[in-house]
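*Asks:* Compute the structure for the input listed below.
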Amino acid sequence: MSFLDHVQRVNRHDLSGFRRFLIGEAHAGYLRHAMAERLKAQADIFQVDASTVRLSPALTDPEARTEAVDRAVRQLVEEGAVAKIRFEQYPVLERPGGPILMRINRAAAAHFGIISFGVHLNGYVRKPDGIHLWIGRRARDKSVAPGKLDNMVAGGMGDGYGPFETLVKECGEEAGLPEALAARAHPVGAITYMMEVGADTAHGAAADIGQDGLRRDVLYCFDLELPADFIPVCQDGEIEEFQLLPIAEVARIVDTSDDFKFNCNLVIIDFLIRHGLLGPDRPDYLDLVSGLHR
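*Replies:* As a prediction, this is how the structure comes out:
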């Protein structure tokens, strides 16, 4: 692996294998052809043709659409086409900042190819020998990327939460960060990518990436300089340990291995670029920069 390998990995997709998911005239996502064919059995909810899956026009408001699609997703779980129901809903939008068209269970986000949002925090400490990053190791019983390295704090942005609200919540749950300290985090931009995923693709094992379909992710990134005496302690069992590592060691791990959860590599590469640790003298510099914002 290399820095560029990680970036290229998340930008691989072949849309010829998908049909557009439409809500009215809004293009809300993508479904694999096999999933689209499966949804023909639920004709009261979906209108399926050779190129599109359209939500029934009889479902005229977000609440009715949410209830109907939730029934459909639960049927897909019973059939084994979706792994399991998650206790979190994601808003479905045509574009970031647009109106909420409906809500969908997090378990089905990639299956329906909707835009999903998350937050990632780089928690760092300045020492005489330079920057050190707090790195977590995911619990071994996690369904996605068990035992992989992770950013200090990261989480999906569920319905009803904005980026900063999600960050503060995740900081408390994953690292025991007091709200007053989490509030000092600085927003530093966003990473975007569209990545075809699934056990039958060459772009990563399902255990690492999760689900099957198309991940269209927006990662809101934050930096937080921490006091030297602060030690993160996970409160929700999702992280089994934290390490404070020199930035050069973190960079080496990303550049030479697949030890981090796949999208955490991107957040670290972005951090390295912004802090001048990956510079324009690299032949792949522009590919790295542009690949983080697709």
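*Asks:* List the contacts of Gln53.
*Replies:* In this structure residue 53 is Val, not Gln. By CB atoms under 8 Å, 6 or more residues apart in numbering, the contact set of Val53 is 19-22, 31, 36, 39, 46-47. C-beta coordinates here come from the backbone N, C-alpha and C atoms, glycine included.
*Asks:* try 6 Å
*Replies:* 19, 21, 31, 36, 46 (CB atoms under 6 Å, 6 or more residues apart in numbering).
*Asks:* Check what pLDDT the nearest residue to the first one once chain neighbours are set aside gets.
*Replies:* The spatially closest residue to Arg19, leaving aside those adjacent along the chain, is Ala36, at 4.7 Å (CB to CB, 6 or more residues apart in numbering). Here the pLDDT value assigned to Ala36 is 98.
*Asks:* helices or strands next to the helix or strand encompassing Ala36 in the packing?
*Replies:* For Ala36, the host element (DSSP states H and E) is helix 33-39. When contacts are defined as 3 or more CB pairs under 6 Å, 6 or more residues apart in numbering; DSSP states H and E, helix 33-39 packs onto strand 46-48.
*Asks:* what does the strand it packs on contact?
*Replies:* 36, 39-40, 53-54.
*Asks:* Give the partner strands of it in its sheet and their orientations.
*Replies:* strand 52-55 (antiparallel) (DSSP bridges).
*Asks:* what's the helix or strand following the partner strand packed up against?
*Replies:* Where DSSP H and E defines the elements, the next helix or strand beyond strand 52-55 is helix 62-79. The helices and strands touching helix 62-79, judged by 3+ CB pairs under 6 Å, 6+ apart, are strand 102-105.
*Asks:* Neighbouring strands - and their directions - for the strand it packs on?
*Replies:* strand 89-92 (antiparallel).
*Asks:* Quick check: buried residues in the partner strand?
*Replies:* Within strand 89-92, the residues that count as buried by 16 or more other CB atoms under 10 Å are 89-92.
*Asks:* what two of those are the furthest from one another?
*Replies:* Greatest spacing in these, by CB to CB: Gln89 and Val92 (9.5 Å).
*Asks:* Looking at the contacts of Val53, which is nearest Gly147?
*Replies:* Leu31 (31.0 Å).
*Asks:* in the sheet, who's paired with that closest one?
*Replies:* Per DSSP bridges, the residues bridged to Leu31 are Arg19.
*Asks:* from what I can see it touches Phe21, true?
*Replies:* Yes: Leu31 is within contact range of Phe21, at 5.5 Å (criterion: CB atoms under 6 Å).
*Asks:* related to what we said a few turns ago, output the contacts of Val53 as a markdown table; include the columns distance to Asp270 and neighbour count.
*Replies:* Formatted as a markdown table, the contacts of Val53 follow (distance: CB to CB, whole Å; neighbours: other CB atoms under 10 Å):
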| residue | distance to Asp270 | neighbour count |
| --- | --- | --- |
| Arg19 | 32 | 23 |
| Phe21 | 29 | 25 |
| Leu31 | 30 | 24 |
| Ala36 | 35 | 21 |
| Phe46 | 38 | 22 |
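*Asks:* ok, which pair from the residues you listed is furthest apart?
*Replies:* Between all members of the contacts of Val53, the farthest pair (by CB to CB) comes out as Arg19 and Phe46, at 10.6 Å.
*Asks:* So, low pLDDT: which residues of this protein?
*Replies:* Along the chain, segments meeting pLDDT under 70 span 199-210.
*Asks:* Got the domain ranges for it?
*Replies:* Following automatic domain parsing, the chain resolves into domains at 3-11+116-291, 15-112.
*Asks:* Start and end of the first one, how far apart?
*Replies:* Yep, that's domain 3-11+116-291 we're talking about. 11 Å (CA to CA, to the nearest Å).
*Asks:* Quick one: the strands in the stretch 151-294 of the chain, in order.
*Replies:* Taking DSSP state E, counting those that start in this stretch, the strands of the stretch 151-294 of the chain run over residues 153-156, 186-197, 213-225, 239-246.
*Asks:* Just the buried positions in the second one, please.
*Replies:* Of the residues in strand 186-197, those with enough neighbours to count as buried (16+ other CB under 10 Å) are 190-197.
*Asks:* Ok, the third one next?
*Replies:* Of the residues in strand 213-225, those buried under the neighbour-count criterion (16+ other CB under 10 Å) are 213-224.
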